[in-house]
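> Generate coordinates for the sequence data below:
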Amino acid sequence: MVNEKILNAVIQAVESAPQRKFSESIDLAINLKNIDLSQPKNRINEAILLPNGRGKSTKVAVFAKGDLAIKAQNGGADLVISPDDISKIGGDKKQMRAISSGIDFFLAEAPLMPSIGKSFGPILGPKGKMPDPIPSAADPVPIIDRLKRTVKVRSKDKITFHALVGNMHMPPEELAANVEAVINTIESKLEKGTQNIRSIFVKTTMGPAVRVM
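Presented below is the predicted three-dimensional model:
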């Protein structure tokens, strides 16, 4: 059952947003308190599965060869990078930055991780986009499907950070369920739970913010 307070905040945020010629995203602005984010252990760095998806295209790339590469390509991966491409692209920082900016999530065949770390690590690491390793015999399709409905939430060292929860053309009930999933995950990762949260607002990209809690 959808939380009524969250649902009402979502409805108010959508209804109060000015009309635009494009579909605005719906975001949460999360403000923390009484927590030292200069300590990496206290920072939020989570991949959160949204029950109703992101409402926008999510790009997934897979570093793989052979059967795994074929399965990934046929299973919805937006980009498959072969071992030969790793070394070629690894020498072109401009191309690596373009790939890292256009891709939301990376997966990698486990044996390729050392070469990926060496070539792509300096670019992907700071962005929190280092690939998750998967076994060579694994079926990547369920993992890709899950990532298509996942959002990465990072506070870094800032007490205020944002999280995508969908777009304004999604039903309010679906957006509210996504908001609740993000809030519950963040609360579970904070040392003192809700006591470490000063406030949470929901808003469209260019609309007014509405307080959730």
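
> pretty sure residue 132 contacts residue 109?
No: Residue 132 lies out of contact with residue 109 (C-beta atoms under 8 Å); the separation is 11.0 Å. From N, CA and C alone the C-beta is placed, and that goes for glycine too.

> So which of the two has more stuff around it?
Taking other C-beta atoms under 10 Å, residue 132 and residue 109 do not tie; residue 109 has more neighbours (24 against 13).

> my guess is that one meets residue 68, correct?
Yes: using C-beta under 8 Å, residue 109 makes contact with residue 68 at a distance of 5.3 Å.

> intersection of neighbour lists for the two?
The overlap between the contact sets of residue 109 and residue 68 (C-beta atoms under 8 Å, 6 or more residues apart in numbering) consists of 62, 134, 136.

> From those, list the buried ones, please.
In those, burial by neighbour count holds for 62, 134, counting by 16 or more other C-beta atoms under 10 Å.

> What helices and strands are in contact with the lengthiest helix in the chain?
Ranked by residue count and defined by DSSP state H, the top helix of the chain is helix 172-189. Identification of packing neighbours for helix 172-189 by 3 or more C-beta pairs under 8 Å, 6 or more residues apart in numbering; DSSP states H and E yields helix 4-15, strand 25-32, strand 45-49, strand 150-154, strand 160-167, strand 197-204.

> contacting residues around that helix?
For helix 172-189, contacts defined as C-beta under 8 Å, 6+ apart pick out 2-3, 6-7, 9-11, 14, 26, 28, 30, 44, 46, 48-52, 151, 153, 163, 165-166, 193-194, 197, 200, 202, 212-213.

> How about stretch 146-163?
Contacts of stretch 146-163 (C-beta under 8 Å, 6+ apart): 27-33, 35, 37-38, 43-54, 58, 60, 76, 104-105, 107, 128, 164-165, 182, 185-186, 198.

> Just the shared contacts of residue 109 and residue 68: which are in strands?
Assigned to strands by DSSP state E, the following of these qualify: 62, 134.

> in whatever helix or strand residue 86 lives in, what counts as buried?
According to DSSP states H and E, residue 86 maps onto helix 83-90. Neighbour counts over helix 83-90 (16+ other C-beta under 10 Å) mark 83, 85, 86, 89, 90 as buried.
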